[in-house]
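Peer 1: Structure of the sequence below:
(one chain, ligands or ions: 2)
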Amino acid sequence: MMTAQQRLYGGGALAVLVIGVGLYAGGVFDQFGTLKHAPPEAPASAPPAPNDLAGDPPRAELAAPAAKTGASVAFRPPPESEMPAGEFGDVIRRGREIFIDTPRAAPAYVGNSLRCVSCHLDAGRLADSSPLWAAFVSYPAYRSKTKSVTTFQQRLQGCFEYSMNGRAPPLGAPELVALESYAYWLASGAPLDPKIAGRGYPALAPPAQTADFARGEAVYVQTCALCHGADGAGQRTQSGYAVFPALWGSDSFNWGAGMGRISNAAAFVKANMPLGLPGTLSDQQAWDVALYMNSHERPQDPRYTGNVQGTRQGFHDTEDSMYGREVAGKVLGASGAPKAFKALTKSRP
Ligand code: HEC
Ligand code: HEC
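Peer 2: Ligands and ions are numbered 1, 2, ... in the order given. The predicted structure is shown next:
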């Protein structure tokens with residue numbers, strides 16, 4: 001069998017699909033959905049001080065040094081084979097289905113090419129990829145983004161609204177109950193502890209050199225474009241199945257999403273991308289490519305106040321966000337009012 005490296009540089013459109021399907025259908029994950037590659041060591045240094053006016057959620061809620069020291073992750077969620085039978089099991093399975101196949105299983109609430117699992121890898125199991133079990137044991141919690149105590153269901157609503165560029169299912173909707181049940185089951189036996197090891201993404205130390213667009217572009221062309229496309233739009237099969245999710249543009253997460261913050265994106269990319277070869281980029285490369293990715297246009301922030309600079313002031317007034325800043329002669333976020341949400345009329349394959 002080819003190594004991941006050989007596959008990655010094999011080239012050609014067919015190879016891309018083979019890689020995607022191969023990785024997706026078990027090339028990277030074993031039969032219990034556990035990643036075969038060990039997650040990379042988290043940097044021992046303290047995470048950068050967050051500016052928590054923007055983003056989802058503010059790093060301050062997650063960057064607890066105790067959970068980020070690279071100590072081995074003790075908690076492992078139960079294997080799929082242990083899912084309970086009966087009606088509760090059915091709802092848990094439904095939650096898993098929504099999580100890994102969101103546009104098909106919850107089309108009324110999704111506005112882009114992404115799935116929950118696009119950013120929470122391995123069906124929400126993988127430590128350092130913002131796993132669901134760690135999230136479940138961390139709510140209710142005060143969030144500066146909402147300036148209130150947020151329940152787990154409300155936290156789920158946020159990812160629909162921003163990361164999925166969709167609409168939040170109402171509290172108590174069957175979709176939220178199913179996702180909550182799946183998260184609860186994954187957390188079986190975990191301590192109630194918002195500092196549980198493996199939560200979020202391991203924070204990266206600030207870059208040695210200020211993150212740079214041109215260097216980021218070079219990293220992107222070399223290590224990302226093969227899957228995510230030269231234009232960042234990802235790749236769909238003819239029937240519409242998004243084999244590779246969009247990183248920017250109209251089919252990606254919107255400006256209010258956590259991934260839109262450069263520090264979150266850098267931390268996610270360092271720990272999880274390129275898919276199948278996590279931890280192979282240097283910290284500097286991760287920062288550069290995160291800046292590059294987030295220096296492109298994407299759907300409007302749903303919290304838009306009527307003008308870009310006001311919205312920047314209210315929600316993005318930080319070096320960590322490119323919203324409202326000028327790149328190549330264009331102000332990012334200047335696409336006007338948010339487009340009215342249009343639910344997918346039919347579920348996608
Ligand atoms: C574009 C990427 C992306 C997508 C798609 C996405 N999320 Fe998230 N999600 C994030 C980021 C970034 C965070 C905050 C990251 C962190 O933990 O530092 C987050 C946080 C969360 C949290 C809280 C984690 C914690 O430990 O506090 C939950 C729960 C969650 N997401 C659920 C979902 C669900 C359910 C979906 C699908 C409906 C989804 N996400 C889709 C990027 C995404
Ligand atoms: C081998 C193909 C492949 C390569 C190369 C790759 N990715 Fe990904 N990437 C994926 C897939 C597939 C997903 C969705 C994960 C899933 O569904 O399990 C993903 C998800 C993501 C996401 C979260 C979802 C989204 O659309 O925002 C980001 C951000 C991302 N990749 C960035 C990068 C960056 C930056 C690079 C280069 C350093 C890169 N990827 C290289 C396949 C790839």
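Peer 1: Just the endpoints, please. Distance across stretch 324-339?
Peer 2: 18 Å (C-alpha to C-alpha, to the nearest Å).
Peer 1: May I see the buried residues of it?
Peer 2: Neighbour counts using 16 or more other C-beta atoms under 10 Å place 324, 332-333, 335, 338 of stretch 324-339 among the buried residues. C-beta: built from backbone N, CA, C; applies to glycine.
Peer 1: just stretch 74-91 next, same as before
Peer 2: Buried, per 16+ other C-beta under 10 Å, within stretch 74-91: 75, 77-78, 83, 91.
Peer 1: follow-up on the earlier one: reformat the buried residues of stretch 324-339 as a markdown table; add distance to ligand 2 and pLDDT.
Peer 2: A markdown table is the format used below for these (distance: C-beta to the nearest ligand atom, whole Å; pLDDT from 0 to 100):
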| residue | distance to ligand 2 | pLDDT |
| --- | --- | --- |
| Gly324 | 21 | 97 |
| Leu332 | 16 | 98 |
| Gly333 | 17 | 97 |
| Ser335 | 18 | 90 |
| Pro338 | 19 | 92 |
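Peer 1: hmm, back to that, which ones among the buried residues of stretch 74-91 lie within helices?
Peer 2: Under the assignment DSSP state H, the buried residues of stretch 74-91 contribute Val91 to helices.
Peer 1: what's the span of stretch 238-250 from first residue to last?
Peer 2: Taking C-alpha to C-alpha, stretch 238-250 runs 18 Å from one end to the other.
Peer 1: try stretch 126-144
Peer 2: 26 Å.
Peer 1: Would you tell me whether it gets close to ligand 1?
Peer 2: Yes - contact of stretch 126-144 with ligand 1 (C-beta under 6 Å from any ligand atom) involves 130, 134-135, 138.
Peer 1: Inside strands: which ones of those?
Peer 2: Among the residues of stretch 126-144 next to ligand 1, no member falls in strands (criterion: DSSP state E).
Peer 1: Please indicate which of those residues has the highest neighbour count?
Peer 2: Using other C-beta atoms under 10 Å as the neighbour criterion, Ala134 leads these with 29 neighbours.
Peer 1: so the spatially closest residue to that residue that is not a sequence neighbour, which of the three states?
Peer 2: Nearest non-adjacent residue to Ala134, counting by C-beta to C-beta, 6 or more residues apart in numbering: Arg199, 3.6 Å away. Three-state assignment for Arg199 (DSSP: H, G, I helix; E, B strand; the rest coil): coil.
Peer 1: how deep is Arg199 tucked in, by neighbour count?
Peer 2: 26.
Peer 1: From the chain's centroid, how far away is stretch 162-172?
Peer 2: 15 Å (C-alpha atoms, centre = their mean, to the nearest Å).
Peer 1: Pull out the buried residues from it.
Peer 2: Quick answer for stretch 162-172 (16+ other C-beta under 10 Å): 162-169.
Peer 1: what do you get for stretch 220-233?
Peer 2: 220, 223-224, 226-229, 232-233.
Peer 1: any idea how far Ser188 is from the spatially most central residue of the chain?
Peer 2: Centroid-nearest residue in the chain: Cys119, 2.7 Å away (criterion: C-alpha atoms, centre = their mean). Going from Cys119 to Ser188 by C-beta to C-beta, to the nearest Å gives 23 Å.
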